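Q: make a model of this:
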Amino acid sequence: MLAAKFKQPVIDFYTYPPVGVDDWRYIFETAQVRVLEMQMLSRATLLDMANAGSFEQAADLLSGTEYALPRGGRNFAEVDEILQQRRTAVRVLFSDLMLDKPIVELFRTRDDFANLRLAVRRTLTEKELGTDYSSDGNVSPELFEQIFAEKDEETEVEKPVFPDYIRQAVEQAVLGYYQNKDIRRVDYAIDRVQAQYNLEQARRLKSVFLLGLFRIQIDLTNIRTMLRLKFIESESRAKTAEAEPFLVRDNVFLEGGFIELERIRHGAELGYEALGPLFFVTPYHRIVDTGANYLASNKSFLKVEQQCEEHLTGFLKSTVQITAGPQPIIAFLLMKENEIRTVRLILTAKKNFLDTKLILDRLGG
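A: All right, here's what the predicted structure looks like:
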């Protein structure tokens with residue numbers, strides 16, 4: 001078998017890694033989160049929204065929930081405002097419930113890296129920086145604007161300094177971009193720095209759960225990248241009879257996951273039908289097999305995204321075994337953010353008259 005060509009690293013779990021042990025400091029906070037989990041939208045509600053005949057009917061299903069939309073108008077500005085308010089509220093709650101404040105700072109770096117991608121892309125492509133930065137990070141949007149604005153050579157005003165993790169990401173992103181001025185390398189470089197920073201912080205915090213979470217996220221990112229490379233190559237061959245091999249040769253995959261990079265790189269060179277056997281001995285066989293088959297048949301990444309999301313959610317739900325600890329609080333934050341994204345996805349699709357089957361494919365319905 002193809003999988004036999006690789007020496008699988010030792011993985012002491014079948015589907016999900018361990019989530020760690022109880023921390024009794026969090027007994028009240030965990031109990032509060034358990035109550036809030038029961039108030040989350042059911043899968044049946046989300047599927048009903050997907051099957052609704054119109055945007056208005058889908059929106060009506062949210063009446064009586066925290067996502068209820070005003071009946072008058074219901075334009076997307078109102079939708080975005082409500083969803084943004086819910087996301088901000090859950091992040092504030094997360095900060096309040098989390099006793100270990102370094103974990104709060106760690107999750108705020110997600111917005112720092114997202115803001116950085118925006119700022120670097122706009123600077124390198126000489127576009128307006130704009131004002132649509134997230135304010136939920138450790139670095140304020142104003143600081144991003146100050147640092148990426150042109151320096152006044154006459155006044156020699158000293159600029160504020162980014163944290164080390166941001167400065168490192170900027171250096172790597174700019175260096176990657178100027179190798180051949182491929183803007184995609186900005187994302188690859190920032191993803192690489194962010195992944196390594198997350199792993200370092202998880203180890204520093206001695207968190208088994210965070211380490212497992214970040215390693216799963218690395219694996220899922222690599223699987224997505226592998227399939228995207230394959231799709232680019234197959235489309236390139238179809239149009240020009242020659243594939244663009246440069247991305248495969250370059251270091252676009254992230255280190256530190258559970259799956260060895262040799263398997264990922266080899267997968268990028270195989271046909272879609274060979275990917276299932278290649279990943280059979282890994283926890284990601286279903287993701288790769290289902291996602292690759294759907295991609296080959298429909299030229300769409302809907303199933304890849306749905307399967308990755310389902311796998312990560314399954315890991316988060318495994319924190320049910322924890323009676324008290326930071327793990328359920330982190331899991332609730334991520335699941336609630338995913339719920340908000342799903343509501344936005346469904347309402348956006350309904351507003352744009354997207355085929356219901358595509359929505360259900362994305363939801364796994």
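Q: kindly provide the distance from the nearest residue in space to T88 that is not next to it in sequence to T313.
A: Nearest residue to T88, sequence neighbours excluded (C-beta to C-beta, 6 or more residues apart in numbering): D136, at 7.1 Å. Every residue, glycine included, has its C-beta placed from N, CA and C. As judged by C-beta to C-beta, to the nearest Å, D136 and T313 stand 22 Å apart.
Q: the lowest-mean-pLDDT helix or strand in the chain: what's the following helix or strand?
A: Within the chain, confidence by mean pLDDT, DSSP states H and E is lowest for helix 246-249 among all helices and strands, at a mean of 47. Next helix or strand after helix 246-249 toward the C-terminus (DSSP states H and E): helix 261-267.
Q: ok, back up a step: so who does the residue nearest to T88 touch?
A: D136 makes contacts with 88, 91, 108, 111, as judged by C-beta atoms under 8 Å, 6 or more residues apart in numbering.
Q: find me the pLDDT at the nearest residue to P17 once chain neighbours are set aside, would you?
A: Among residues not flanking P17 along the chain, G212 sits closest, at 3.6 Å (C-beta to C-beta, 6+ apart). Note for G212: predicted pLDDT of 96.
Q: which residues touch G212?
A: Contacts here follow C-beta under 8 Å, 6+ apart; on that basis G212 touches 16-19, 315.
Q: can you give me the neighbour number for the closest residue to L118 other than its chain neighbours?
A: Closest residue to L118 apart from its sequence neighbours, by C-beta to C-beta, 6+ apart: Y133 at 6.6 Å. Using other C-beta atoms under 10 Å, Y133 is surrounded by 22 other residues.
Q: do the same with the one 10 residues further on
A: When neighbours are defined as other C-beta under 10 Å, L143 has 19 of them.
Q: contacting residues around the residue nearest in space to the middle of the chain?
A: Closest to where the C-alpha atoms of the chain average out (C-alpha atoms, centre = their mean) is Q217, at 7.5 Å. Residues near Q217 by C-beta under 8 Å, 6+ apart: 195, 198, 312.
Q: rerun that using 10 Å as the cut-off
A: By C-beta atoms under 10 Å, 6 or more residues apart in numbering, the contact set of Q217 is 194-195, 198, 254, 256-257, 308, 312, 315.
Q: may I see these organised as TSV, with distance to R122 added?
A: Shown next, in TSV, are those (distance: C-beta to C-beta, whole Å):
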residue	distance to R122
Q194	19
A195	23
N198	25
L254	24
G256	29
G257	30
C308	28
L312	30
F315	34
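Q: go through the longest helix along the chain and flag the buried ones.
A: Looking across the chain with DSSP state H, the single longest helix is helix 208-240. Within helix 208-240, the residues scored as buried using 16 or more other C-beta atoms under 10 Å are 209-231, 233-234.
Q: got it, and stretch 98-107?
A: Across stretch 98-107, burial judged by 16+ other C-beta under 10 Å covers 98, 103-107.
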